[in-house]
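Participant: the sequence and its predicted three-dimensional model are supplied below.
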Amino acid sequence: MLKLEHVNKYFNKNKKNEIHVINETSLHMEGKGLVALLGPSGCGKTTLLNVIGGLDKVNSGQIFVNGQRITGRLSHTVDKIRNLNVGYVFQNYNLVDNMTVFDNVAIALRMVGVKDKKEIEEKVNYVLEKVGMYRYRNRYADMLSGGERQRVGIARAIVKNPAVVIADEPTGNLDSRNTLEVMNIIKEISEEKLVILVTHEEELADFYASRIIKLLDGKVISDEVNDSAEGLDYRVENKIYLRDIKEHKRINSGRYNIDFYNDSGDELKLDIVVRNGNIYVKTKSEGTKVEVVDSDSSVELVDAHYTRITKDENQERSFDLTKLEAKGPRKYRSIVNPVSMFVNGFKTVMNYNTLKKILLIGFLISSVFITYSISNIFGVMNITDDEFVTVDKSYLRLVSKNTDVDTYLQYENDPRFSYVMPGDSRISLQMPLDDYFQTRYALALIEGSLSDYTKLTATDIVYGRLPENSNEIVVDRMILEQVIDTQTTTTAGYGTVRSFVGGDIPVNNMEDLVIVGISDMQSPCIYASQDMFINILANTGSGDGVMSEGETTAATTLIDYTLKTSDVSLVRGSWPAGDYQVVVNEKYRESMPQGREISQKVNGRNLTVVGYYSDRYDSDFMLINNNTLKYDLIKNKTDVTLCPVDKSETFSQLKAENINVRDTYAESEAQYKEQMWSSIFSTIVVSGVILIISFIEIYLIIRASFLSRVKEVGVYRAIGVKKSDIYRMFTGEIFAITTIASLPGFALMAYCLYQLSQMGTFGELFLVTPAVLALCLILIYGLNLIFGLLPVFRTIRKRPAAILSRTDVN
């Protein structure tokens, strides 16, 4: 049944204070009987019990329990063997304080696979009745006295009907009466099972044990079969044997029949009054206490001499082991399921004492820091196009300070390009906000990159429609959102992107442009007809809000004549249909004769006067055709904007041709990131420090909380609860802590950050999206779980005896 072969165990091995606590011990114990281990304190009795019961490891040797080796095996395997075969009665009880007496005993049955509630109830109630604890079955363990706790521990050890019962000082905290009752139960069990008992009371061992093993300094010094004891001289303190008291006086007179017993030799001075059926006793002797003995008293008066308890008398007591026999196969099982894991977790947290509940504030604060830091990190790292993109993302930029017109025309006719335009494509439009009297002088500055509306489809329009006339445009919502955020358009009634649909934008020398649609291409574009590009570029400001070099001349002097045919009258000659032809005001007929070249040059060539106009304003502008206007823009604008059919392929080809071309989008992104890197880096560092502080805070809080739970963990491991079950218990508790304490902090900070992110000033500092919030939750729950289970892991990787032996926790 139980076999030890050359077992050795050391404490502090290879150190100066090394103790050889089990020294080359070999034992063999049969399947039944009561084996008592005797010896002085520190001789290794409890340690030997621990290694036999699988609670501790050995340094060498082998131990077999019920034919199964428990040495040199994984702790899970050892737990399984000891849980199914060994019942342990601990010297320090090892009850779970927050569980009832019934549950403390029932847990042993649940761990061996008993699921039937009726079977559990019958067996638990039976053993509780036998150890005198049935009436306390619904009382919590922390409300019991030492003796009561020990009896519950005995009930827990025997309820699963183990093959081996290990009892470490089971009667150490019991009175004499309960000691005898418990020893009788243990003796009864030993008739069918192997019971290994450690006790300091040699009289009990001599009377009850069938075999006595004596230890000294870790060695077995004697191993004998015990068949010599005939009786037990063990007086029960609450029994008074009257005939053993020498001084006895009796008063028997009429109605009075009184017996006096005195074994102290002191004087007896009493007043006894009988009145109305009550007896009143008053002692006149100082220091003398009066106790009334009745049917409810714990003291019993026995009218006989004390006699030693004989084995025959002891065998008259009965303990029916058949009531504990298994009704089905036994299996080492988990006692914590997912539902109970979370339910018990919340119950545990709700029952925290005031100090622990105050510590929960730390979890709330840490969740606030984590949410802030993660949102901040992603906010500064989330570089969106609207932060740096200023032109159509599909454009390439030909870098040239003075572009040759012929070269420009070659690109214009190159099939690799959809279209080209002089300059950087940026334009600036001013939209009057004159719907209200108070805002009649207000303007909205709409800046964007000029692009072809044919790139759009109806599905790209979020509000309004596609252009149908040459003066109709579509503006991307990226531009308008920046206008709303940075300008005072809201007070003028333009607080939403949609409100800009239908807005009129006056342009010099041109018909008003009308916003007929809002696109959502995530590109800062103003979409118009290609036919209008040159005129729009010539008559609007650049995207920087200032005129570029040479732009003044183009915008104020030279005008496409097709824009003025309805405003002026041709008084002589013809319209300038040919390139480099010009029509001037008739007042200049003398200084600018028809058919002659004038000093005004375009592309290095003098313009030739082909006609004269007149208007009511006596204007000075010159009228030319669209091509001539384009040539003037080419010479006065720096760079050329190219719109390739295939951007990546065309870019590679131009680079191969050694043409100085830039990918505007990639260049802007790189420049922006370079400018922002120092700010991003410092933000990441600060947020990282906050995160680390939060993680340390979580770890210290959980570790401080766990220190008070180490004993509880040790108890669970000692009685055979699976490691996975302990992980589940604490997982449920950590989940409850996080939900109760951390989740409100997360929700509060998420709300605040969301409000901040809607403000233009803070919008780029924080990113509040479902993905970021989900990551925050994962980090909060995940880190709480990791740091919460870390001390659990560091504790339960040890054997139960090592956990219970810790002296730094209660």
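Facilitator: Perfect, thanks for sending it.
Participant: CA atoms for contacts and neighbours, from now on please.
Facilitator: Fine.
Participant: show me where the stretch 201-350 of the chain has strands.
Facilitator: 211-216, 219-225, 231-232, 239-241, 247-253, 256-262, 270-275, 278-283, 300-302, 309-310 (DSSP state E, counting those that start in this stretch).
Participant: pull the helix or strand with minimum mean pLDDT from this structure.
Facilitator: Using mean pLDDT, DSSP states H and E, the weakest-scoring helix or strand in the chain turns out to be helix 551-556, at a mean of 40.
Participant: count the neighbours of the closest residue to Tyr134 other than its chain neighbours for me.
Facilitator: Leaving out its chain neighbours, the residue that sits closest to Tyr134 by Cα to Cα, 6 or more residues apart in numbering is Leu128, at 4.7 Å. Look at Leu128: counted by other Cα atoms under 10 Å, it has 23 neighbours.
Participant: tell me which element Leu128 falls in.
Facilitator: In this structure, Leu128 is located in helix 117-130 according to DSSP states H and E.
Participant: please name every helix or strand in contact with that helix.
Facilitator: Using 3 or more Cα pairs under 8 Å, 6 or more residues apart in numbering; DSSP states H and E, the elements in contact with helix 117-130 are helix 101-111, helix 146-158.
Participant: confidence score at the residue of the chain positioned farthest from its centre?
Facilitator: Residue farthest from the centre of the chain, counting by Cα atoms, centre = their mean, is Glu590 at 87.9 Å. The model reports Glu590 with a pLDDT of 92.
Participant: what about it, distance to Tyr612?
Facilitator: Applying Cα to Cα, to the nearest Å, the value for Glu590 to Tyr612 is 11 Å.
Participant: and Leu700, by the same measure?
Facilitator: 90 Å.
Participant: looking at those two, which one has more neighbours?
Facilitator: Ranked by neighbour count (other Cα under 10 Å), Leu700 and Tyr612 place Tyr612 first, with 26 against 15.
Participant: who's in contact with the more buried one?
Facilitator: Residues near Tyr612 by Cα atoms under 8 Å, 6 or more residues apart in numbering: 570-574, 583-586, 589.
Participant: and Val609, what element?
Facilitator: Using DSSP H and E, Val609 falls in strand 605-614.
Participant: now do the helix or strand following that strand, average pLDDT.
Facilitator: Next in sequence after strand 605-614, counting helices and strands by DSSP H and E, comes strand 622-624. In this model, strand 622-624 has a mean pLDDT of 96.
Participant: count of residues packed around Gln410?
Facilitator: 10.
Participant: hang on, the earlier thing: partners of the strand holding Val609, with directions?
Facilitator: Strand 605-614 sits in its sheet next to strand 569-573 (antiparallel), strand 581-585 (parallel), strand 597-602 (antiparallel), going by DSSP bridges.
Participant: with adjacent residues omitted, what lies nearest to Phe342?
Facilitator: Nearest to Phe342 is Gly732, by Cα to Cα, 6+ apart, at 4.4 Å.
Participant: typed the wrong thing, it's Arg250
Facilitator: Arg250 sits nearest to Asp259 (Cα to Cα, 6+ apart), 4.3 Å away.
Participant: next: Asn535.
Facilitator: Asp560 (7.1 Å).
Participant: list the contacts for that neighbour?
Facilitator: 535, 623-626, 629.
Participant: before we move on, the earlier item: can you give me the distance of the residue nearest to Tyr134 to Met183?
Facilitator: Leu128 is 15 Å from Met183, by Cα to Cα.
Participant: sorry, back to before: of all the strands paired with strand 605-614, which one is nearest Ala155?
Facilitator: strand 597-602 (110.0 Å; Cα to Cα).
Participant: report the backbone C-alpha coordinates of that closest one in PDB.
Facilitator: The C-alpha trace of strand 597-602 is given here as PDB (Å, rounded to 0.1, in the frame of the first residue of the first chain):
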ATOM      1  CA  GLU A 597       3.600  94.400 -81.900                       C
ATOM      2  CA  ILE A 598       3.500  96.000 -78.500                       C
ATOM      3  CA  SER A 599       5.900  95.900 -75.600                       C
ATOM      4  CA  GLN A 600       3.700  93.300 -73.600                       C
ATOM      5  CA  LYS A 601       5.400  90.000 -73.900                       C
ATOM      6  CA  VAL A 602       4.300  86.400 -73.300                       C
END
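Participant: name the surrounding residues that touch that strand.
Facilitator: Taking Cα under 8 Å, 6+ apart as the rule, strand 597-602 contacts 580, 592, 606-609, 628, 631-632, 635.
Participant: lovely, talk soon.
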